[in-house]
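S.K.: Provided below for reference: sequence and predicted model.
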Amino acid sequence: MKNKIIAVLIIIAVLLSSVVIFQFCRTWLGERGRVDDVVINIGESAKFSQKEIQAAMDLVIKKFPDFIDCELTELWYDEEKSEQEITRGYMVSGRGSNNGIQKENAIIIYSNFTTGAKSADEGFNPNSRYTNWMWILIRPNEHASWTIDDWGY
């Protein structure tokens, strides 16, 4: 019985090691999402300071390398579009309907990006262009840091 437990533990350790090595290779051998040439437009806002918007964008840029074989081309804030989406979508049928976040502590950053052949592994259409991709960021209050709550269409 003891030998069977040891064998199972060894198999689990080998499987976990394989997953870690696979992710390490994908992440560090050049397949990470690229953000080097992203064009940024902070836009005008009556709701947020330029610093608050920039902080939200910085978080998106920090997250994007997790999108394997993709390239972030544009990133912008459109207050009118963001407010409509937050009010009509996120706060009604999205996570905002049940996470206790006030709409004044939610922001949507928009992006365009392209995908490569390997991005199909991430669920994207390979060699495609995604436009108006939304990044929903929230914070518990106006003095807190942003966190990414969701992304997509």
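M.R.: Right, received. Where do you want to start?

S.K.: contacts and neighbour counts: CA atoms only from here.
M.R.: OK.

S.K.: tell me which helix or strand of this protein sits lowest on mean pLDDT?
M.R.: Ranking every helix and strand in the chain by mean pLDDT, DSSP states H and E puts helix 2-28 at the bottom, with a mean of 65.

S.K.: would you map the helices across the chain?
M.R.: Counting by DSSP state H, one finds helices in the chain at the ranges 2-28, 50-63, 79-85.

S.K.: which stretch among those is buried most, on average?
M.R.: Of all the helices of the chain, helix 50-63 has the most neighbours on average by mean count of other C-alpha atoms under 10 Å, namely a mean of 17.

S.K.: packing partners for that one?
M.R.: strand 106-115, strand 147-152 (3 or more C-alpha pairs under 8 Å, 6 or more residues apart in numbering; DSSP states H and E).

S.K.: the longest one pairs with which strands?
M.R.: Okay, so that is strand 106-115. Using DSSP bridges, the strands paired with strand 106-115 in its sheet are strand 70-76 (antiparallel), strand 129-138 (antiparallel).

S.K.: turn the ones you listed into TSV, columns for mean pLDDT.
M.R.: TSV is the format used below for the strands paired with strand 106-115 (pLDDT from 0 to 100):
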stretch	mean pLDDT
strand 70-76	98
strand 129-138	98
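
S.K.: thank you, goodbye.
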